[in-house]
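K.L.:
here you go, sequence then predicted model.
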Amino acid sequence: MSETARKGSLPLAAMVGAGALMGFTMLAVSIGRSESVGLTQLPAAEIVSSVAFRVADVADGSIAMRDAADDRLLLTIHPGEDNFMRATMRGLAQARQRAGLGREAPFKLTRYDNGTLSLDDDATGRKVPLEAFGQPNALAFARLLPGDTGAPQ
């Protein structure tokens with residue numbers, strides 16, 4: 001074997017070492033995942049309150065949010081107000097439209113005993129953890145819940 005061929009190749013020991021390191025890493029990850037090593041698991045949260053609601057556009061540009069059970073008006077969002085709520089509901093409505101679904105199925109807002117809020121669209125399977133967007137945005141949606149004052153719990 002020539003001198004230049006030997007300089008360009010890796011020594012056998014380095015290749016075996018790299019292979020052993022990769023094998024060990026894959027084994028450690030497999031064991032860690034199967035045994036839940038290093039994973040934090042929270043206890044399942046219980047539902048404190050929830051409301052199913054439908055959203056409808058109003059001629060003046062407002063959005064009416066109505067209780068799905070009795071069609072009672074929960075909240076009206078006027079143009080230029082509550083932009084986070086507007087954008088979130090628009091995104092969920094567009095997902096329904098892309099999936100070829102109508103407006104019949106209600107959205108569901110749920111507060112859990114750990115204080116979190118979730119906005120779910122069972123029609124598309126989308127779930128929005130509202131705390132991910134900051135507490136003021138989550139509290140904007142909390143106004144829809146029965147008896148909620150919008151104060152954090």
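P.N.:
Sure, I can see it.
K.L.:
and the helices in the chain?
P.N.:
Using DSSP state H, the helices of the chain run over 3-8, 12-35, 83-98, 135-142.
K.L.:
using a markdown table, lay out those helices together with mean neighbour count and distance to Leu73.
P.N.:
(Glycine included, C-beta is placed from N, CA and C.) Shown next, in a markdown table, are the helices of the chain (neighbours: other CB atoms under 10 Å; distance: least, CB to CB, whole Å):
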| stretch | mean neighbour count | distance to Leu73 |
| --- | --- | --- |
| helix 3-8 | 7 | 77 |
| helix 12-35 | 10 | 49 |
| helix 83-98 | 15 | 15 |
| helix 135-142 | 18 | 16 |
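K.L.:
could you tell me the least trusted of those?
P.N.:
With a mean of 54, helix 3-8 has the lowest mean pLDDT of the helices of the chain.
K.L.:
from the centroid of this structure, which residue is nearest?
P.N.:
When CA atoms, centre = their mean is applied to the chain, the residue found nearest the centroid is Val128 (3.9 Å).
K.L.:
go through the helices of the chain and name the closest to Ile47.
P.N.:
Minimum separation from Ile47 across the helices of the chain (CB to CB) falls at helix 135-142, 14.1 Å.
K.L.:
would you confirm that the residue nearest to the centre of the chain contacts Thr116?
P.N.:
No. Look at Val128 against Thr116 with CB atoms under 8 Å: they stay out of range, at 11.2 Å.
K.L.:
so this structure: which segments form each domain?
P.N.:
With domains defined by automatic domain parsing, the chain comprises 3-35, 47-142.
K.L.:
all set, thanks.
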